[in-house]
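**Student:** coords below, sequence missing:
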């Protein structure tokens, strides 16, 4: 089980310190949301912040690309230090080629699905993926309420992974907090993205530790 705090909710004036504190609390991965104002109605950080964060933490960086024209920017995110990169199935017409590029570069390749996107869209690509991101909110903004429909989607995905004999990680992103994290794990997720519930509580170390304790 991996806790991946989302820096979208962090204090950017103290980003390195906040990520370090979350790491002391047990976080093993840093979630980095990239939004372009086109695929989603918001704009967030990009390559300069990723490079700075790469220099500030030894933790792996999980870059979630909520952008159009992924093929144009993917090499730059790889070069900037991303260790994991997820691409939205809804945003990429030639998904297989992007996944193949990531794997060739030694980056963990993931695909993210919006809440209304069915799992059937992964039928062909699933064996090529290192992880799948099940969105439990509609992407674009932090601090949203968890959509319970994601739990059944995670259960069905875990069954797909098991029946095919795969080792694909299942990541849940959106609204994960103390009230639902145990249910998310029981449904079959093993990578847990948490933003406000880590960085919005005043003490990222304590918050991260508390989430992991509740999940177990």
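**Tutor:** Received it, and whenever you're ready, just let me know what you need. Note that the coordinates shown come from a computational prediction; the quantities given were computed from them, not determined experimentally.
**Student:** tell me where this protein has helices.
**Tutor:** Applying DSSP state H to the chain gives helices spanning 15-24, 47-56, 70-79, 95-104, 149-163, 181-187, 196-199, 204-215.
**Student:** next, the angle helix 70-79 makes with the second one.
**Tutor:** The one in question is helix 47-56. Counting by axes from the mean of the first three to the mean of the last three CA atoms, to 10 degrees, helix 47-56 points 30 degrees away from the direction of helix 70-79.
**Student:** now the last one
**Tutor:** Comparing the axes of helix 204-215 and helix 70-79 via the same axes, to 10 degrees yields an angle of 110 degrees.
**Student:** buried sites along helix 204-215?
**Tutor:** 204-205, 207-212, 215 (16 or more other CB atoms under 10 Å). Any C-beta I mention is one placed from the backbone N, CA and C, and that applies to glycine too.
**Student:** kindly provide the distance from residue 37 to residue 74.
**Tutor:** Distance of residue 37 to residue 74, computed by CB to CB, to the nearest Å: 18 Å.
**Student:** neighbour count: these two, which is higher?
**Tutor:** The residue with more neighbours, out of residue 37 and residue 74, is residue 74; 22 against 13, by other CB atoms under 10 Å.
**Student:** can you list the low-confidence ranges for this protein?
**Tutor:** Scanning the chain for pLDDT under 70 picks out the ranges 141-143.
**Student:** same thing but 80
**Tutor:** For the chain, the stretches flagged by pLDDT under 80 are 139-144.
**Student:** give me the neighbour count for the spatially closest residue to residue 146 that is not a sequence neighbour.
**Tutor:** Distance criterion CB to CB, 6 or more residues apart in numbering; nearest residue to residue 146, sequence neighbours excluded, is residue 175 at 3.1 Å. The local packing of residue 175 (other CB under 10 Å) involves 24 other residues.
**Student:** swap in residue 32?
**Tutor:** 27.
**Student:** now it. Nearest residue, chain neighbours left out?
**Tutor:** residue 63 (4.7 Å).
**Student:** for beta bridges, what are the partners of the one you found?
**Tutor:** Under the criterion DSSP bridges, residue 63 forms beta bridges with residue 32, residue 85.
**Student:** please determine how far residue 36 is located from residue 9.
**Tutor:** Residue 36 is 19 Å from residue 9, by CB to CB.
**Student:** most remote residue from the middle of this structure, which is it?
**Tutor:** residue 163 (23.8 Å; CA atoms, centre = their mean).
**Student:** list the contacts of that one.
**Tutor:** With contact set as CB atoms under 8 Å, 6 or more residues apart in numbering, residue 163 has no partners.
**Student:** go on, residue 158?
**Tutor:** Contacts of residue 158 (CB under 8 Å, 6+ apart): 170, 187-189.
**Student:** let's see which of the residues you listed end up in strands.
**Tutor:** Cross-referencing these against strands under DSSP state E gives residue 170.
**Student:** ok, and the most crowded of the contacts of residue 158?
**Tutor:** residue 189 (30 neighbours).
**Student:** I figured it hits residue 173, correct?
**Tutor:** No. If you go by CB atoms under 8 Å, residue 189 and residue 173 don't touch, sitting 9.7 Å apart.
**Student:** overlap in contacts of these two?
**Tutor:** residue 134.
**Student:** what about the residue lying closest to residue 187 once chain neighbours are set aside, neighbour count?
**Tutor:** Leaving aside its chain neighbours, residue 187 sits nearest to residue 154 (4.1 Å; criterion: CB to CB, 6+ apart). Residue 154 is flanked by 23 other residues according to other CB under 10 Å.
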